[in-house]
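Q: Predicted coordinates and the sequence they were generated for:
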There are 2 protein chains.
Amino acid sequence: MSDAKIPYKIYLTEEEMPKAWYNLRADMKNKPAPLLNPGTGKPLAAEELTPIFCEELVKQELDNDTKFFDIPDEILSFYKMFRPSPLVRAYCLEEKLGTPAKIYYKFEGNNTSGSHKLNSAIAQAYYAKKQGLKGVTTETGAGQWGTALSMACAYLGLDCKVYMVKVSYEQKPFRREVMRTYGASVVPSPSDTTEVGRKILAEFPGTTGSLGCAISEAVEVATKNPGYRYVLGSVLNQVLLHQSVIGLETKAALDKYGIKPDTIIGCAGGGSNLGGLIAPFMGEKLRGEADYQIIAVEPASCPSFTRGTYAYDFCDTGMICPLAKMYTLGSSFIPSANHAGGLRFHGMSSTLSQLYHDGYMEARAVEQTSVFEAAEMFARTEGILPAPESSHAIRVAIDEALKCKETGEEKTIVFGLTGTGYFDLVAYQKYNDGEMSDYIPTDEDIAASIAKLPKVGE
Amino acid sequence: MSDAKIPYKIYLTEEEMPKAWYNLRADMKNKPAPLLNPGTGKPLAAEELTPIFCEELVKQELDNDTKFFDIPDEILSFYKMFRPSPLVRAYCLEEKLGTPAKIYYKFEGNNTSGSHKLNSAIAQAYYAKKQGLKGVTTETGAGQWGTALSMACAYLGLDCKVYMVKVSYEQKPFRREVMRTYGASVVPSPSDTTEVGRKILAEFPGTTGSLGCAISEAVEVATKNPGYRYVLGSVLNQVLLHQSVIGLETKAALDKYGIKPDTIIGCAGGGSNLGGLIAPFMGEKLRGEADYQIIAVEPASCPSFTRGTYAYDFCDTGMICPLAKMYTLGSSFIPSANHAGGLRFHGMSSTLSQLYHDGYMEARAVEQTSVFEAAEMFARTEGILPAPESSHAIRVAIDEALKCKETGEEKTIVFGLTGTGYFDLVAYQKYNDGEMSDYIPTDEDIAASIAKLPKVGE
């Protein structure tokens, strides 16, 4: 049943782990468009960002030229607690599908945060600590990012304040308890601990909150409390930089066995996982050294790449954040309540948006029920219960492998398995009970929110 | 901060994985006492067991002489999906404690069942499949064993019926959904699907079930339905045999780096994890080739080793199972509702009981709140949220490391981290809210249930 030479799991040694993050932007001819100040419509300068973000992270955010950033020793030590992550050959899935394709997945879920988010959380917490700060604030929706940040802060002895969207706080009490076990204070948002929270509560007393509102509260607390800064788990350039460790490890593991992938697949919400996974491969593609088919997978209920427009927009629904140029459905777009909370973002990383715009990658939108069908098959054959987000990539990997079955092509497919679904059992229960449905926004829905895009930028 | 030579995680290669299970009983001069037929008081013959258990497993159960059992290729393939498991050097915990001790843990939680239970589940399911059976039945309390068995059955295409203690079925709906996702049928016990279930329901209409009752139902279904057998996740000799893979890997990893442990620590409920972890080390000790301090850790609320008696007793509260000679609190002993469901068993593996009786190992009983204190410290420093069961071993490992801090001894401590606590957040919440308490049974409590021990055996 298996290739004799390639093990089920390829682990790099500690010595083979990447020692520097790779900045994909350095190899892009068309750089991602800069963040704009929504008031002036002008690119944001470093000094406008440092009251919100740590100084070192602002540098990383704005640097489109430095190709490699050394990973500090303290972060490398932390990485060694949960990295290298395995690159797994999906022998059992291949057999189940009867495909000649060779399927690999990079599994980022073997840590208590349950996802790849920890790669950037420790980096952001480290720079905060290094700057002598007391703590950081953030928002969390599904809770993976909040958990990852809590773990990083516990390790470094930093204070961590998480604003958790109220509906998640109430419906996902277990995620909240993991964060509390790591010493974070978790506040349901909107709350009466901030001005913006009190204002929203007065206006909408029954609201269950939103990511946009939680961001506003976290930013307010960071900017009003000396010694605090705000951190974010996706979308930003700095996050993609830290997440490049995923792709660098993947490439090192493949190179170790002389494997050249044909197709690389990742799920895409804000773009942190996809941007990290594809980084070194996209770099080769940009430099003309190799060619790969690169596929971003998004939910049909929130299809920013496949049905959005490429324009400047707010990163948050509260419209307090900088403007970013990206594929967007409009910051007022409210996706249906699908179960992949991490992919329910109206926009997309500026870097990935530029690459998509320039034709370096494709995108597919997939429906929720077919995603859970793939998730179930994967769980039963590969023994890992995947996160709903990750299962979007599984869906398309299976689709591509089944195409190979028809054509007889022995393609090598690599996908990112970003995390586990242990805190997503409400979704699995819906699927198991046959009560899951799909929702695809109408053209009118999308046109309505796109019509409200800000008129700044270009 | 770290020894230069020893990595954070020692992974064996696939080639270095054990190819045979080690049967500790073969090296015991005093063999564990045989199972008795409760009716006749005579040792059970193979033919009395084969209507309940698979033939091959009955052989393994009764064989006190064969030292190694080859692991079939199909099981080895399955093992490769989640094994070898890492032996982790707890550098961060050592630093936090400021101890000169070197601490290692064998981490068995990186699979979707969340524990070591999968090692035996796949073996038992494999032999059922090989015997041409349609399916297997079992009971589950906390749900780790049921999940592991569901995963194994999904992989092999076997039907899997799990009787889940009703209170767990209702309070742990997420464990139930994992099992359902793996295609198992999960029935709250007592149920109206069995005679014994209907009888119990008629007698105690409001009962929330017990492990003993769930065992009775699972055994009834297995024996009444052609093509089914019953399987069990702990206590039995066969289970300890399969779990020896934990100890064999641990020893191979230590040997690879020339490390000789001084102290080996494991939590003990029925004994499956502890028996597996210590197997090869205990073998050396029995053969006089090496000496190790071996410590079994049990909850103070259910202290079978430290406060039980060594006698023949029923393995189940329903008193339908064979009699086993073991350290027991009496099968009528009801432990308080502590949060380590996997350790709430009144008895202990016969093999481990004999070894403890003969002075080859020690036992410690620890209180719940101090266990969660250790769990929290471990989570924050080592980045893994441990299962409450596993945290009993963490507690004693920390205690031993702190002793080394006082004495200056550079002991090497190895403990078993059997699983993760992702489905135990209700317990963590209680701890986080300061609402967790301890319960230690009185001498009278224990005397009362021991007085009810059966008078057969000796």
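A: Received, thanks.

Q: rest of the way, CA atoms for contacts and neighbours
A: Will do.

Q: What residues does the stretch 51-200 of chain A have near chain B?
A: Remark: the part of the stretch 51-200 of chain A in contact with chain B comprises A:80-82, A:110-112, A:151, A:154-155, A:174, A:177-178, A:180-182, using Cα under 8 Å from any Cα of the partner chain.

Q: now with 7 Å?
A: Along the stretch 51-200 of chain A, the residues adjacent to chain B under the rule Cα under 7 Å from any Cα of the partner chain are A:80-81, A:110-112, A:151, A:154-155, A:174, A:177, A:180-182.

Q: Can you flag which of those residues belong to helices?
A: Members of those lying in helices (criterion: DSSP state H): A:80, A:81, A:151, A:154, A:155, A:174, A:177, A:180, A:181.

Q: so the fifth one sits right up against residue B:381, yeah?
A: Yes: if you go by Cα atoms under 7 Å, residue A:155 and residue B:381 touch, sitting 5.9 Å apart.

Q: More neighbours: which of those two?
A: Using other Cα atoms under 10 Å in any protein chain shown as the criterion, residue A:155 and residue B:381 rank with residue B:381 on top: 24 against 20.

Q: Could you look up the next helix or strand downstream of the helix or strand hosting residue A:390?
A: When elements are assigned from DSSP states H and E, residue A:390 belongs to helix A:388-407. Where DSSP H and E defines the elements, the next helix or strand beyond helix A:388-407 is strand A:412-417.

Q: what helices or strands is the lowest-mean-pLDDT helix or strand in chain A leaning on?
A: Of all helical and strand segments in chain A, the minimum by mean pLDDT, DSSP states H and E falls on helix A:166-171, at a mean of 86. In terms of contact count using 3 or more Cα pairs under 7 Å, 6 or more residues apart in numbering or on different chains; DSSP states H and E, helix A:166-171 is assigned the packing partners strand A:185-189.

Q: Show residues contacting the strand it packs on.
A: Strand A:185-189 is contacted by residues A:160, A:161, A:162, A:163, A:164, A:165, A:166, A:169, A:176, A:180, A:209, A:214 when judged by Cα atoms under 7 Å, 6 or more residues apart in numbering or on different chains.

Q: now, which of those sits nearest chain B?
A: residue A:180 (7.0 Å; Cα to the nearest Cα).

Q: show me what contacts that closest one?
A: Contacts were defined as Cα under 7 Å, 6+ apart; by that measure residue A:180 touches A:186, B:432.

Q: how close does it get to residue B:126?
A: For residue A:180, the distance to residue B:126 equals 41 Å [Cα to Cα, to the nearest Å].

Q: Any chance of a ChimeraX selection covering the buried ones in the residues of the stretch 51-200 of chain A next to chain B?
A: Selecting just the buried residues from these in ChimeraX takes one command, with 16 or more other Cα atoms under 10 Å in any protein chain shown as the test:
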select /A:80,81,110,111,112,151,154,155,174,177,180,181,182
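
Q: Could you identify the most distant pair in the residues of the stretch 51-200 of chain A next to chain B?
A: The two members of these with the most space between them (Cα to Cα) are A:80 and A:174, at 26.2 Å.

Q: wouldn't residue A:64 be in contact with residue A:27 here?
A: No: the pair residue A:64 / residue A:27 is not scored as a contact, 8.7 Å apart, by Cα under 7 Å.

Q: quick one: common contacting residues for those two?
A: Joint contacts of residue A:64 and residue A:27 (Cα under 7 Å, 6+ apart) do not exist.

Q: Strands of the stretch 151-300 of chain A, start to end?
A: Secondary structure of the stretch 151-300 of chain A by DSSP state E, counting those that start in this stretch: the strands cover A:159-165, A:185-189, A:228-230, A:263-267, A:293-299.

Q: Tell me which of these approaches residue B:339 most closely.
A: With Cα to Cα as the criterion, residue B:339 lies closest to strand A:185-189 of those, at 23.8 Å.

Q: got the angle for that closest one vs helix A:173-181?
A: Regarding strand A:185-189 and helix A:173-181, their directions subtend 140 degrees when assessed with axes from the mean of the first three to the mean of the last three Cα atoms, to 10 degrees.

Q: next one: strand A:185-189 to chain centre, how far?
A: Between the mean C-alpha location of strand A:185-189 and the chain-wide mean there is a distance of 22 Å, by Cα atoms, centre = their mean, to the nearest Å.

Q: Would you give the sheet partners of that strand, along with the direction of each?
A: strand A:159-165 (parallel) (DSSP bridges).

Q: Show me what the strand it pairs with is in contact with.
A: Counting by Cα under 7 Å, 6+ apart, the neighbours of strand A:159-165 from elsewhere in the structure are A:134-141, A:146, A:150, A:153, A:184-189, A:209-211, A:214, A:218.

Q: Show me how far that strand is from its chain's centre.
A: Going by Cα atoms, centre = their mean, the spacing between the C-alpha centre of strand A:159-165 and its chain's C-alpha centre is 18 Å.

Q: do the same with stretch A:399-409
A: Using Cα atoms, centre = their mean, the distance from the centre of stretch A:399-409 to the centre of the chain it belongs to is 28 Å.

Q: contacting residues around that stretch?
A: The list of residues contacting stretch A:399-409 from outside it, by Cα under 7 Å, 6+ apart, reads A:98, A:99, A:100, A:101, A:410, A:411.
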